[in-house]
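*Asks:* Generate coordinates for the sequence data below:
(one chain, ligands or ions: 1)
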Amino acid sequence: MHKIYLDNAATTPLTDEVIAAMVDSMKTFGNPSSTHSFGQEAKTLIENVRRLIAEALKVSPGEIIFTSCGTESNNMIIKSCVRNLGVERIITSPMEHKCVAETIQEMKNKDKVEVVYLRPDKNGDIPLDKLEEVLKSSDKKTLVSLMHANNEIGNLLDIEKVAEICRENGALFHSDTVQTVAHLDLDFSKIPLDFASCSAHKFHGPKGAGFAFIRKSSGLKPLITGGGQERSLRAGTENVSGIVGMGKALERGLEKMKEYVAHIQEIKRYAIDEIKAAIPNVQFNGHSADMEKSLYTLVNLRLPFFEPMIGMKLDMKGIAVSQGSACSSGASKPSMVMMMLLDDEEMKTTTPLRISFSHSTTKADIDALVVALKEIAAGR
Ligand code: PLP
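*Replies:* As a prediction, the model looks like this:
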């Protein structure tokens with residue numbers, strides 16, 4: 001059976017050139033912390049990637065700390081803000097990825113941090129006037145943690161505006177940029193945010209490699225201790241081949257961004273049109289059908305019937321999609337995001353489905369999905 005992959009927001013396939021770069025780098029086996037030439041060769045490999053990332057984001061290389069993934073980066077930033085920078089209050093939203101949401105919950109339960117949740121509106125938008133109001137209501141040291149693009153519905157946050165609001169009100173700002181690094185042009189010299197996170201496997205790089213952007217002036221401390229690696233901010237011998245793979249994937253993603261964006265936007269428009277034509281009364285969650293207000297790499301449908309097994313049924317037809325975010329895709333429980341957006345009636349009578357694209361997705365893939373959805377709808 002020809003299999004179709006439409007779950008690129010969960011993870012993306014490695015390209016051949018990323019695999020080749022990684023395999024090649026494995027021959028450079030030295031420990032980057034060793035001062036001899038074997039070590040220094042490995043060190044050069046990772047420092048080249050650090051420079052590439054820093055140039056792309058318009059920050060300095062010392063502000064890029066390699067980690068194992070987006071989850072680790074988010075954990076490190078949030079926990080250290082509380083435990084080392086004296087943050088007493090976190091303002092966030094109920095729409096964050098679990099690795100942010102659960103870390104903040106832990107800070108609330110164990111570290112007695114005050115947490116304020118900004119309730120999104122029916123479209124999943126975070127009210128920025130409310131953010132300002134809450135920021136002005138207390139002079140407790142505050143961290144604002146709001147994601148750039150929502151991984152389930154794709155809603156985009158104006159992080160430039162949020163960063164300015166935070167700066168004006170003396171708050172730190174962390175944004176989970178896992179779904180946007182290498183997909184959108186990010187210039188952190190213009191966006192005054194303090195912290196951001198990245199995961200290589202979201203843009204055709206390997207799993208097990210990511211980074212945290214930590215603004216130099218922040219004073220963050222490590223989550224993992226035991227060595228001086230990563231300017232003492234993340235102990236542990238670096239994952240050299242993972243970092244090289246991340247660098248290659250980022251390099252290609254940036255170089256081809258215009259071409260990839262144009263292709264994927266066309267695929268997304270096509271998917272929306274074809275699904276609308278095939279499934280009467282289909283709706284879209286959040287802003288995901290709005291090309292301006294949502295990330296071009298995904299669309300989140302609301303099918304007009306209740307089919308909790310939709311993911312499995314599509315998988316049996318060779319099509320991989322997601323019913324929730326990657327972490328909860330195997331779970332039948334609705335995600336927090338869907339619980340915020342849908343009322344009880346919609347929960348019982350409709351089915352959310354996330355379809356996410358890459359530069360290798362084709363219109364034929366979408367046609368196959370539409371046929372499969374029609375069959376599932378008809379067979380009910
Ligand atoms: N944040 C967002 C928005 C994500 O989509 C994901 C992955 O699904 C993560 C964080 C976690 O990243 P990682 O899989 O690298 O731990």
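*Asks:* what residues are up against the closest residue to Ile376 other than its chain neighbours?
*Replies:* In space, and not counting its chain neighbours, Ile376 is closest to Lys313: 5.4 Å by C-beta to C-beta, 6 or more residues apart in numbering. In short, each C-beta sits where N, CA and C put it, glycine included. Lys313 makes contacts with 307, 372, 376, as judged by C-beta atoms under 8 Å, 6 or more residues apart in numbering.
*Asks:* Distance check, the residue nearest to the first one when sequence neighbours are not counted against Gly154.
*Replies:* The reference is to Glu307. Spatially, and ignoring its direct neighbours in sequence, Glu307 is nearest to Thr351 (4.8 Å; C-beta to C-beta, 6+ apart). Separation of Thr351 from Gly154 (C-beta to C-beta, to the nearest Å): 18 Å.
*Asks:* Tell me which of the two has more neighbours.
*Replies:* Neighbours per residue (other C-beta atoms under 10 Å) separate Thr351 from Gly154, with Gly154 holding more: 28 against 20.
*Asks:* I'd say that one and His287 touch.
*Replies:* Yes. Using C-beta atoms under 8 Å, Gly154 is in contact with His287, at 7.1 Å.
*Asks:* Please enumerate the strands of this structure.
*Replies:* With strands called from DSSP state E, the chain shows them at 4-5, 64-67, 89-92, 114-117, 142-145, 172-175, 195-199, 210-214, 283-284, 298-303, 319-320, 351-356.
*Asks:* Show the average pLDDT along the last one.
*Replies:* Same thing as strand 351-356. Mean per-residue pLDDT for strand 351-356: 97.
*Asks:* relative to strand 298-303, how tilted is it?
*Replies:* Angle, strand 351-356 to strand 298-303, by axes from the mean of the first three to the mean of the last three C-alpha atoms, to 10 degrees: 160 degrees.
*Asks:* export strand 351-356 as PDB, just CAs?
*Replies:* This file holds the C-alpha atoms of strand 351-356, laid out as PDB (Å, rounded to 0.1, in the frame of the first residue of the first chain):
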ATOM      1  CA  THR A 351     -14.400  15.200  15.100                       C
ATOM      2  CA  PRO A 352     -11.200  17.300  15.100                       C
ATOM      3  CA  LEU A 353      -8.400  16.300  12.700                       C
ATOM      4  CA  ARG A 354      -5.100  17.900  12.200                       C
ATOM      5  CA  ILE A 355      -3.500  17.600   8.800                       C
ATOM      6  CA  SER A 356       0.100  18.900   8.500                       C
END
